[in-house]
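With the sequence up front, the predicted model follows.
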Amino acid sequence: MERKFLMGNEAVALGALHAGAARGAGYPGTPSSEILEVFNQLGGKAEWAPNEKVAAEVALGVSFAGVRSFATMKHVGLNVAADVLFTAAYSGVDGALVFVVADDPGMASSQNEQDSRRYAVAAGVPLLEPSDSQEAYDFARCAFEISERWKIPVILKLTTRVCHSGTVVTPRAPDADLPAAHFERNIPYHVMVPGHARPAHRRLRQKLAEIAEWNEKNGPNKEIKGSKDLGILVSGVAFEHAREAAPEASFFKIGMSCPLPVKPMLDFIASVDRAVVIEENDPYMADAVRAAGGTVESAPEMYRFGELNVNRVRRILAGDTSPEAVPSKGRPPQLCAGCPHAVTFEILKQNNCIVAGDIGCYTLAALQPLAAMDTQICMGASLGVGLGLRHVLPREEAKRVVSVIGDSTFVHSGLTGLAEMTYNVPETGHVLLILDNSTTAMTGQQEHPGTGRLLDHTPTNRLDYEKVARAMNVPNVGTFDPVQQRAAFEAALIEALGKNELTVLIVRRPCILAMVRKGVKPADAEG
Amino acid sequence: MNEKVTSIKVAGLGGMGVLKSSLILAEVFFRQGLDVKKAEVHGMSQRGGSICSDVRFGKKVFSPMIPAGTIDFLVLFQEDQFPLYEAECSPDTVILKPTAIDLSRLGNRKALNVAMIGLLSRHLDVPVDAWLKVIREILPQKLHEVNEAAFELGRLSA
């Protein structure tokens, strides 16, 4: 087929399409967001789910119908979907099921730099690590094949640098003659009660043993013969950096890093005078190969922070632990000029509120000049953390606590927090602000159940926050436009802070970027 | 083209068209039959913050990111961004600044990115038609006229 220039995310979408995936589900998260959007543009059936756990469950249901599916998420999304992964590993799958998980070493746009390879080991599922767009395409195809052959979920682990780098891809012919969806009753395999799960766990370990043997003989790993003086064991985009940093070296490139191809790795180590493991994030491969008796060097601790590049690989190979040059800081990201939701944080600051915040554009309100957010941990935590503070702080301090969450984040993980709020009510009550900009703004304006539109922007049911709050027995529910009704909104907030009751205020004003995209000038939008 | 890899860094602020212009660059070199890699960061850093994109092309390119000290062309959409990349430049780095363009002749300020591509094109062995073809394919039709003019303006600037 004709070669193409594709971003890693585009290559995964094309790979899933050519593998015949019947449906892709996910929740947007940088750097994974474009995969489902491109899959949809290419003609695939794609959906945004309320969160990654639901996305993974939908994908599992598709798989139980005997056809291929995948779920996309960023690395922290796998924390949310982990419950599905761990037991789907036991139940096994019918049609292929691939978890596409994008790690973010260096945290270009994330709250941590967790290493998803640990999840593969913990759950007992195979994991593939592409290094460029060609491999993103090839390994996506491979992941579907492995999943279906061994009836096991497979993780395709990307990183920011693979997702958002463009490289040349030559696709191959799409899979043909795939079976149609059909439900085959198989209760011992699909219902994980203890009596079914005990043999399922044994089946899982047996599958992993077979996959490990396959990976050692036929896995997507490759050896490049070079100098005997230096052998580099490497995975992911670090392979490209290392090829450039040490073109003369021998390479063992690991494509499937769970289960690791231990024997060929040990053979490679024995074939060179000096063996060095180069990997981003945790020393996962280095630890494993040492546990298997291999003698290898690995990167000093300082290199597990941040992503690697050619110069850092050179330093690792030279054993250089001198302080690295601090990259110059550019203009930091900030809320867009004219963002209507900056107003809310100005008001919170003026009223000396303790703000339990959440994940989204508005997290930027924690930075100067606003500096108006006090906590932010994970999706939905504004509710639980705010409530915890309310429960134990002295009365006058507790009454200043406000939870602030965006619309998409509220649907993702705030509904259960709201149930907690109306169940374990603090003595001083609580105040929740839902900042509704009618989109998932930070990740590029994706739809969600609160926008009333599907991934492809066609209409569907719209979740009504006001009705949800009332249905959960919140006594005070109000809606304000923070720009047009600024004074009334501030008055309502001050009133809510003064009473010992539960209040939910929906602060509604569309994202300014969405308005611009629709051709509404901000001036007109001021209405 | 020889074995050498050419590395271009495009830099500006979120919203200036840095990513669009690096996409045009990469596509042009790709169609010359070369190996091309492009690296950039999307997401949070784009909210009005400093942004850059690396484009590398040659017979075979390994890392998508330009190693420090090996930038061949630094294309700045905003001159005050230079200090961020100064340490990654070498004495041989060609630095292209927006001050080289007569902005009064630019039909639309938003077309500065394509004018800067025009300026860069003076240094690269690619026919004018190849640039214009990709610009027309990547940008929506209503922007063709202003961007073709911007490319010509950059191409004739020094």
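Arrived safely. Residues are numbered from 1 along each chain as shown, chains lettered A, B, ... in the order given.

Quick one: list the elements packing against the longest helix along chain B.
What stands out as the longest helix in chain B, according to DSSP state H, is helix B:18-31. Where contact means 3 or more C-beta pairs under 8 Å, 6 or more residues apart in numbering or on different chains; DSSP states H and E, helix B:18-31 is packed against strand A:4-7, strand A:166-169, strand B:6-13, strand B:35-40, strand B:50-58, helix B:112-121, helix B:128-138. Quick note: C-beta positions are derived from backbone N, CA and C, even for glycine.

Close to chain A: what parts of chain B are there?
B:13-14, B:23, B:26-27, B:30, B:35-51, B:62-65, B:67-68, B:81, B:83-87 (C-beta under 8 Å from any C-beta of the partner chain).

one step back: can I get the helices and strands packed on helix B:18-31 in JSON lines including mean neighbour count and distance to residue A:93?
Converted to JSON lines, the helices and strands packed on helix B:18-31 look like this (neighbours: other C-beta atoms under 10 Å in any protein chain shown; distance: least, C-beta to C-beta, whole Å):
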{"stretch": "strand A:4-7", "mean neighbour count": "22", "distance to residue A:93": "27"}
{"stretch": "strand A:166-169", "mean neighbour count": "24", "distance to residue A:93": "27"}
{"stretch": "strand B:6-13", "mean neighbour count": "23", "distance to residue A:93": "43"}
{"stretch": "strand B:35-40", "mean neighbour count": "24", "distance to residue A:93": "34"}
{"stretch": "strand B:50-58", "mean neighbour count": "24", "distance to residue A:93": "39"}
{"stretch": "helix B:112-121", "mean neighbour count": "25", "distance to residue A:93": "46"}
{"stretch": "helix B:128-138", "mean neighbour count": "16", "distance to residue A:93": "39"}
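
quick one on the thing from earlier: got the contact list for the longest helix of chain B?
Helix B:18-31 is contacted by residues A:5, A:166, A:168, B:8, B:10-12, B:36-38, B:40, B:42, B:51-55, B:57, B:75, B:77, B:113-114, B:116-117, B:120, B:126, B:130-131, B:134-135, B:137-139 when judged by C-beta atoms under 8 Å, 6 or more residues apart in numbering or on different chains.

Number of residues surrounding residue A:304?
Residues near residue A:304, counting by other C-beta atoms under 10 Å in any protein chain shown, number 17.

Buried residues of the longest helix of chain B, list them for me.
Of the residues in helix B:18-31, B:18-30 count as buried by neighbour count, 16 or more other C-beta atoms under 10 Å in any protein chain shown.

State the mean pLDDT of it.
Averaging pLDDT along helix B:18-31 yields 96.

now do stretch A:171-178
96.

Same question for stretch A:309-324.
Across stretch A:309-324, pLDDT averages out at 97.

rewinding a little: distance between the longest helix of chain B and the chain's centre?
On the basis of C-alpha atoms, centre = their mean, to the nearest Å, helix B:18-31 sits 7 Å off its chain's mean C-alpha point.

tilt between that helix and helix B:112-121?
40 degrees (axes from the mean of the first three to the mean of the last three C-alpha atoms, to 10 degrees).

Next, the contact list for whatever residue of chain B ends up closest to chain A, please.
Taking C-beta to the nearest C-beta as the measure, chain B has residue B:50 as its residue closest to chain A, at 2.4 Å. By C-beta under 8 Å, 6+ apart, the contact set of residue B:50 is A:330-331, B:11-13, B:81, B:84.

about what we covered before: quick one: work out the angle between the longest helix of chain B and helix B:128-138.
Counting by the same axes, to 10 degrees, helix B:18-31 points 130 degrees away from the direction of helix B:128-138.

Helix B:18-31 to strand B:6-13, inter-axis angle?
Counting by the same axes, to 10 degrees, helix B:18-31 lies at 160 degrees to strand B:6-13.

Around residue A:375, how many other residues sit close by?
Residues lying near residue A:375 (other C-beta under 10 Å) number 18.

May I ask you to confirm that it is in contact with residue A:387?
No. Shown here, residue A:375 and residue A:387 do not form a contact pair, counting by C-beta atoms under 8 Å, at 11.9 Å.

Just give the closest residue to the residue nearest to the spatial centre of chain A, not the sequence neighbours.
Centroid-nearest residue in chain A, with C-alpha atoms, centre = their mean: residue A:74, separated by 1.3 Å. What sits nearest to residue A:74 in space, not counting adjacent residues and going by C-beta to C-beta, 6 or more residues apart in numbering or on different chains, is residue A:29, at 3.2 Å.
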